[in-house]
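Asker: Here's my sequence, what's the structure:
(one chain, ligands or ions: 1)
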Amino acid sequence: MRNILIIGSTGQIGSELTRELRASYGGSHVVAGYIVGAEPKGDLLEGGPSAITDVMDGQHIAEVVKEYKIDTIYNLAALLSVVAESRPRLAWKIGIDGLWKVLEVARENHCAVFTPSSIGSFGADTPHDNTPQDTIQRPRTIYGISKVTTELLSDYYHLKYGVDTRSVRFPGVISYVTPPGGGTTDYAVDIYYSAVRGEKFICPIGKGTLMDMIYMPDALKAAIDIMEADPTRLIHHNGFNVASMSFDPETIFQAIKKHVPQFEMEYLVDPLKQSIADSWPNKMDDTCARQEWDWQPNYDLDSMTEDMLKHLREKLG
Ligand code: VAH
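Answerer: Numbering: from 1, shown residues only. Next comes the predicted model:
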């Protein structure tokens, strides 16, 4: 049975991945890693062991790995795209200097490592429709540059040292549990909150701007399935395209309006978010993930919308 460490266990993806992994592998087998000021609370704290794991302190992470006999590390420490643009040096420090320390710990302790990439790893020159698995990646955001580097450095550790590094390129992740923290795709979460609160939604992304999106349960499924995949089938290891749905603001607005007829939206485009979104794919081709490890999403826009509204109505009372 795996012993898993999640670095960034209280973030948007980390908080739900920790719960999902504990449900699959047992609470005692999943250590919730956190930094001071972002401590686990409630079921995250009570559901299993937790430990401070600051990616700047590789020595301490190694001690945690040894103490809990960790064989698998999910490294979710990163700044998201918009925040990263305001703090590029910190984004690199966490995303890459931190990754190097995690990969060294994994190399010395024979751990597998999952460090997610993103649709942000593509740039304006990448084919936007049916974006291939192997294609040009020249992003101009520090977030994208760090994600391409994450893919390449993880592949390097796999090829040079035999470290079992695997990852996916996440679309915009949508969830009702932990709000996102400063991303270009955050609008696709915020719009549901506005609908449930009976507020007009002010959309920061322009009409017709398509982006790949994924519902959190499918994102978690991808993160877990890739690490359980048969290694003899893998041609790629890091940065698998995983797609599930692609939509623009008008489409998600209409999907919500079916359930909230009085819902209204108007556009107030955020130039930075729009410029980032314009450089990302309209829709990725995820044939390789489907062929090499049987990737298959369960949710589409309508089923996600139904589930999001149901849970947010409960959450927001
Ligand atoms: C962001 N939600 O917008 C994140 C994610 C693909 C998007 O990386 O930065």
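
Asker: Please name the residues that touch the residue lying closest to His29 once chain neighbours are set aside.
Answerer: Distance criterion C-beta to C-beta, 6 or more residues apart in numbering; nearest residue to His29, sequence neighbours excluded, is Asn3 at 5.3 Å. Every residue, glycine included, has its C-beta placed from N, CA and C. Shown in contact with Asn3 (C-beta atoms under 8 Å, 6 or more residues apart in numbering): 29-31, 68-72.

Asker: Turn those residues into CSV, columns for neighbour count and secondary structure.
Answerer: Converted to CSV, the contacts of Asn3 look like this (neighbours: other C-beta atoms under 10 Å; DSSP: H, G, I helix; E, B strand; the rest coil):
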residue, neighbour count, secondary structure
His29, 20, helix
Val30, 29, strand
Val31, 27, strand
Tyr68, 17, coil
Lys69, 9, coil
Ile70, 26, coil
Asp71, 18, coil
Thr72, 21, strand
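
Asker: how many other residues sit next to the residue of the chain found nearest the ligand?
Answerer: As assessed by C-beta to the nearest ligand atom, the ligand sits closest to Gly183 within the chain, at 2.5 Å. Using other C-beta atoms under 10 Å, Gly183 has 23 other residues around it.

Asker: Give the burial count for the nearest residue to it once chain neighbours are set aside, as a bare number.
Answerer: Nearest in space to Gly183, with sequence neighbours left out and distances taken as C-beta to C-beta, 6+ apart, is Leu80 at 3.9 Å. When neighbours are defined as other C-beta under 10 Å, Leu80 has 20 of them.

Asker: And Leu80, how far from Glu46?
Answerer: With distances taken as C-beta to C-beta, to the nearest Å, Leu80 is found 28 Å from Glu46.

Asker: And for Val105?
Answerer: Separation of Val105 from Glu46 (C-beta to C-beta) stands at 27 Å.

Asker: quick one: which of those two has more around it?
Answerer: Val105 (26 against 10).

Asker: what helices or strands is the helix or strand hosting the more buried one leaning on?
Answerer: Element membership for Val105 (DSSP states H and E) is helix 98-109. Counting contacts by 3 or more C-beta pairs under 8 Å, 6 or more residues apart in numbering; DSSP states H and E, helix 98-109 is packed against helix 58-67, strand 72-75, strand 112-114, helix 142-161.

Asker: which other residues reach the longest one?
Answerer: The contact list for helix 142-161, computed with C-beta under 8 Å, 6+ apart, reads 78-81, 84-85, 88, 91-92, 95-96, 99-100, 103, 106-107, 113, 115-118, 120-123, 137, 139, 163-167, 169, 237-239, 276, 279.

Asker: Mind doing that once more with 6 Å?
Answerer: 81, 84, 88, 91-92, 95-96, 99, 103, 107, 115, 117-118, 120-121, 137, 139, 163, 165, 237-239 (C-beta atoms under 6 Å, 6 or more residues apart in numbering).

Asker: One more: the second one?
Answerer: Residues from elsewhere that reach strand 72-75, judged by C-beta under 6 Å, 6+ apart: 2, 4-7, 102, 106, 111-115.
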